[in-house]
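>>> got a sequence here, can you build the structure:
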Amino acid sequence: SGLKVLADPVLKLSGLTKTYKRVHLGKKNLQRGVSGLDIEVNRGEVFGLLGLNGSGKTTVIKLILGLLFPDEGSVEVFGKKGADPLAQAQIGFLPEIPSFYRNLTPEELLNLFGTVSGLPPSPLVARIKEVLSQVRLDSHRKKSVRELSKGMLQRLGLAQALLHEPELLILDEPGTGLDPLGIHQTRELMAEFSAGGKSIFFSSHSISELERLAHRVGILHEGKLIRVLDRQTWKDEKGRLEELFMETLKKEGVAF
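Here you go, the predicted structure:
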């Protein structure tokens, strides 16, 4: 993407630390979620988080969304504290596996979400039409959610995340369960969103997706951000990002 990324942080994670306390058979165990994380995402930037299962990617996303609170450190969204409702109102979020009321239609569902979010009724009708068209679901808008394929549900999740025209989109594994066409369409939508000057923070297992979309990629290992790579380091050679990822993990002593 030739988009000019502005050095204007919309998301700032500083010294972010979260430890889970687990009690098993009366014994208290401390399990690290994330530790001392520093990340800045600029306006118009696509920042990807890459890591093995259990590396802490979902914990990071929950901390940004205020679903978890850090033990140490801070989250800033558009210069406000992360948990501030005004900051959260500028975020669109797509979970890894979106879950919806199955007896509603996409149109009814988005109307419900929009109303709960306080969007005024008249512009909401036009906006629903617009996002359903954007995610290529307009011809399915009157079907019940239970009739939709997994890929369509993922696109409906994206429509829900885009409905209130957020400035920052946070996606947890956006390619999960999608067929090649679904992946292609999701990628196109993310590129459009970023080209409009908005920012994306997403976690993914798919190195090829990160390679195509991200301006920078952070490698997370056992809750720590161990390396941040810039697009310049991989853009000229297909598969280079995967090599850099493997090389980085090897240095951490991960056996393959």
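>>> going forward, measure contacts and count neighbours with C-alpha atoms only.
Noted.
>>> what residue lies at the spatial centre of the chain?
Centroid check for the chain by CA atoms, centre = their mean gives residue 171 as the closest residue, at 1.9 Å.
>>> quick check: that one vs residue 178, distance?
Look at residue 171 and residue 178: by CA to CA, to the nearest Å, they are 14 Å apart.
>>> and the helix or strand containing the residue nearest to the centre of the chain, which strands flank it?
Here residue 171 sits within strand 168-172, counting by DSSP states H and E. Strand 168-172 has the following strand partners under DSSP bridges: strand 91-94 (parallel), strand 199-204 (parallel).
>>> adding mean pLDDT and mean neighbour count, write those out as TSV.
Converted to TSV, the strands paired with strand 168-172 look like this (pLDDT from 0 to 100; neighbours: other CA atoms under 10 Å):
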stretch	mean pLDDT	mean neighbour count
strand 91-94	94	22
strand 199-204	94	24
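>>> okay, those in TSV with distance to residue 228 next?
Output for the strands paired with strand 168-172, formatted as TSV (distance: least, CA to CA, whole Å):
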stretch	distance to residue 228
strand 91-94	23
strand 199-204	14
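>>> picking that back up, from the chain's centroid, how far away is the strand holding residue 171?
Mean-position distance between strand 168-172 and its chain equals 3 Å (CA atoms, centre = their mean, to the nearest Å).
>>> do a quick rundown of the helices in the stretch 101-250 of the chain.
Counting by DSSP state H, counting those that start in this stretch, the stretch 101-250 of the chain has helices at residues 106-116, 121-134, 150-162, 180-195, 207-213, 240-251.
>>> among these, which comes closest to residue 78?
Closest to residue 78 of those is helix 180-195 (CA to CA; 16.4 Å).
>>> and residue 217, how many neighbours?
Residue 217 is flanked by 25 other residues according to other CA atoms under 10 Å.
>>> and the strands paired with strand 168-172: which comes nearest residue 33?
Comparison of the strands paired with strand 168-172 against residue 33 by CA to CA identifies strand 199-204 as nearest, at 15.3 Å.
>>> mind listing what's buried along stretch 50-57?
50, 51, 55, 56, 57 (16 or more other CA atoms under 10 Å).
>>> state the pair within the residues you listed that is farthest apart.
The largest separation in the buried residues of stretch 50-57, counting by CA to CA, is between 50 and 56 at 9.9 Å.
>>> now the common contact residues for these two.
The contact sets of residue 50 and residue 56 overlap at residue 220 (CA atoms under 8 Å, 6 or more residues apart in numbering).
>>> pretty sure the residue nearest to the centre of the chain sits against residue 190.
No - in this structure residue 171 lies outside contact range of residue 190 using CA atoms under 8 Å: 9.9 Å.
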